[in-house]
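> I would like the atomic coordinates for the input below:
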Amino acid sequence: MLRILVLGSAAGGGFPQWNCNCENCRRARRSEASAVARTQSSLAVSADDEHWFLLNASPDLGQQIAQSLPLLPAREPRHSPLAGVVLTNADVDHIAGLLTLRERQPLTIYATRRVHDVLASNSVFNVLNPEVVKRQTIELEQSAALHLPDGRPAGLAVELFSVPGKVALFLENPDAGPNFGTVPEDTVGAKITDQSDGRHFFYVPGCASMPPDLARRLKGAPLVFFDGTTWTNDEMRTSGVGEKSGSRMGHMWMSGAEGSIAAFSDLGVGRRIFVHINNTNPVLLADTPERAEAEAAGWEIAEDGMDIRL
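Residues are numbered from 1 along each chain as shown. Okay, here's the model as predicted:
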């Protein structure tokens, strides 16, 4: 059995975002029941309810662990149920939390070679002592078993696959053309499988479009967590908080003929959950027409603390 915890469901900056005064964030600061606060995007998954693997490590990881009973120390004086971290890109909101795991706790970081190279090029990540924290490269399209720190199999396998996206903001090269130097390993989705019974789900927190090969991969899946950053492509501009479009940030928007809701409409996915939701997105508010439209189309809007068993 797979057990999945939604540790954080918001995009970078969280909800409310510390420097944002949009209507959404004002309502969240007023602690309105329809504007539930959220930390930055991350999941945790386990096949045995004892050993857990993070899917991305958000800047809010310390808070997320403290609020998640299954992730708290429970045995000897120095202990953690966390056995590893799977990274889907090198965005700050997905790797900064690694620094929270620097206390010489044995675990393994699983990522593409590209993402490992980014970590290796920044010496601050050396606080995760390589003698204690292993780095394992996952080749695209190859199923890789996850292991506990002592080498025993964890009962889980991960397959990483390239999805349309963009190189991390701090790695953008303006001289590299319209893709800013993006390569296929910069943004990936993950398929997580319970090796005992084949149950599986997909985690795609960043994705810029739905090409046919991705649609075929997700078709008929029992559960997909998918990029829910913005409702419209021009949401940042219309909200008055920025000029970047969703596509410029490497994210697919939800609504309209080219949005993710339409793209999933005939894929037959059993359960669809939006994650990585930007603070400007009206679906964060339970009482908006946009939330009603998404839910009517069969989507759930992730909240921190969701506990899913598959």
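> When you work out contacts or count neighbours from here on, use the C-alpha atoms and nothing else.
OK.
> how close does the nearest residue to Asn129 once chain neighbours are set aside sit to Leu218?
In space, and not counting its chain neighbours, Asn129 is closest to Arg104: 6.8 Å by CA to CA, 6 or more residues apart in numbering. Distance of Arg104 to Leu218, given as CA to CA, to the nearest Å: 37 Å.
> quick one, which of the two is more surrounded?
Leu218 (18 against 14; other CA atoms under 10 Å).
> Just confirm the more buried one contacts Val269, I think it does.
Yes. Contact criterion CA atoms under 8 Å: Leu218 and Val269 qualify, at 7.2 Å.
> what sits in contact with each of the two?
Val224 (CA atoms under 8 Å, 6 or more residues apart in numbering).
> ok, which stretches of the stretch 51-200 of the chain are strands?
52-55, 82-86, 107-111, 133-137, 143-147, 153-162, 188-194, 200-204 (DSSP state E, counting those that start in this stretch).
> Is it possible to get CSV of those strands that adds distance to Ser123, mean neighbour count and mean pLDDT?
Converted to CSV, the strands of the stretch 51-200 of the chain look like this (distance: least, CA to CA, whole Å; neighbours: other CA atoms under 10 Å; pLDDT from 0 to 100):
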stretch, distance to Ser123, mean neighbour count, mean pLDDT
strand 52-55, 22, 25, 98
strand 82-86, 19, 24, 98
strand 107-111, 16, 24, 98
strand 133-137, 15, 17, 97
strand 143-147, 26, 19, 98
strand 153-162, 26, 21, 98
strand 188-194, 24, 23, 98
strand 200-204, 28, 21, 98
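> Using a markdown table, lay out these together with distance to Gly14.
Below are those laid out as a markdown table (distance: least, CA to CA, whole Å):
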| stretch | distance to Gly14 |
| --- | --- |
| strand 52-55 | 17 |
| strand 82-86 | 20 |
| strand 107-111 | 24 |
| strand 133-137 | 27 |
| strand 143-147 | 29 |
| strand 153-162 | 25 |
| strand 188-194 | 21 |
| strand 200-204 | 18 |
